[in-house]
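> Any chance you can model this:
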Amino acid sequence: MPERFAHYPRIAVVTGADSGIGKACAVALAAAGFDIGLTWYGDPDGARRTADEVRAAGRRCEVAEMDLTRLPGAADVIDELADRLGGVGVLVNNAGTGASVPFVDTGWERWREVLSVDLDGPFLCAQRAARRMRATGAGGRIINITSVHEHAPRVGSAAYCAAKGGLGLLTKVMAQELAVDGITVNAVAPGEISTPMTGQEDVDPFTQERPGVPVGRPGDAREVAAVVALLASPQAAYVTGASWPVDGGMLMMGPQASALTSHDWRRVESS
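Below is the predicted model of the structure:
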């Protein structure tokens, strides 16, 4: 791989960075030396708090609202942030939504909303970023935040699983096509993480018990961000088309692991 691909702009755009995993990613990338463009939806105060943390790390930060139900135009925000920052070397597609509704009861509007935010939006945002990365000839990184449900189904999450599964396979196609340009594309697949999306805002995951997960607790958003920061680095140049579960071992237990209520599964009876 040509050496020039190690010199992509130290500028990262993180979608949905007003809270949770997106916020943690923006702060972690700032600590790693990236200027940050962040998008938000529904929580301007959260976006300001994230921007304050980025700037406290000594990095530039630009902020923009982005509603991924208003496509394709909403994805133009990626270009706007890149223009304001002077380029883009990393895109973290984190913005997402979900629904807990039985398959037969999932309405068309709700189905389309989840697919728009969780699949159509990342597709369009990645196109904007990839075109800019390709034009510079310096390479780059695209990281799609999927879910363990990229890999395993969950009852009541038809739209969410369809979107995240689709984003996982899209990640692989992007990785194949963009590798020649020095652009790596990977997915990070969180399990249960203590964030507002899982109803656990400001909850210390180390105080929560999850008997069905080998690690025994939910994850912290910063534990996801640490993997994102690794994949965003020049040192990860030979990693592409991969999906990195950050799930405390949940996938090894099956998709309903979090529903287990005791530690009995850990016991092995001697024969």
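> E192 versus W265, what's the distance?
Distance, W265 to E192, by CB to CB, to the nearest Å: 17 Å. Bear in mind the C-beta positions are built from the backbone N, C-alpha and C, glycine included.
> So which of those two has more stuff around it?
More crowded of W265 and E192, by other CB atoms under 10 Å: E192, with 21 against 12.
> now the more buried one, nearest residue through space, not along the chain?
P218 (4.6 Å; CB to CB, 6 or more residues apart in numbering).
> what about that neighbour, how many neighbours?
Neighbour number of P218 under other CB under 10 Å is 27.
> Can you report phi and psi for it?
phi -70, psi 170 (degrees, to the nearest 10).
> What average pLDDT does the helix or strand where L169 lies get?
Assessed by DSSP states H and E, L169 sits inside helix 158-178. Helix 158-178 shows a mean pLDDT of 98.
> how far out from the middle of the chain is the helix or strand just after it?
As assigned by DSSP H and E, the chain's next helix or strand after helix 158-178 is strand 183-190. Relative to its chain's centre, strand 183-190 lies at 8 Å (CA atoms, centre = their mean, to the nearest Å).
> which helices and strands does strand 183-190 pack with?
Here strand 183-190 touches helix 121-136, strand 140-145, helix 158-178, helix 221-232, strand 243-246, going by 3 or more CB pairs under 8 Å, 6 or more residues apart in numbering; DSSP states H and E.
> what about those, which gets the closest to L81?
helix 121-136 (9.7 Å; CB to CB).
> which secondary structure elements does the closest one contact?
Going by 3+ CB pairs under 8 Å, 6+ apart, helix 121-136 lies up against helix 76-85, strand 90-93, strand 140-145, helix 158-178, strand 183-190.
> who's in contact with the lowest-mean-pLDDT helix or strand in the chain?
Ranking every helix and strand in the chain by mean pLDDT, DSSP states H and E puts helix 250-253 at the bottom, with a mean of 89. Contact with helix 250-253 is made by 148, 151-152, 191-192, 212-214, 245, 257-258, 260, 265, as judged by CB atoms under 8 Å, 6 or more residues apart in numbering.
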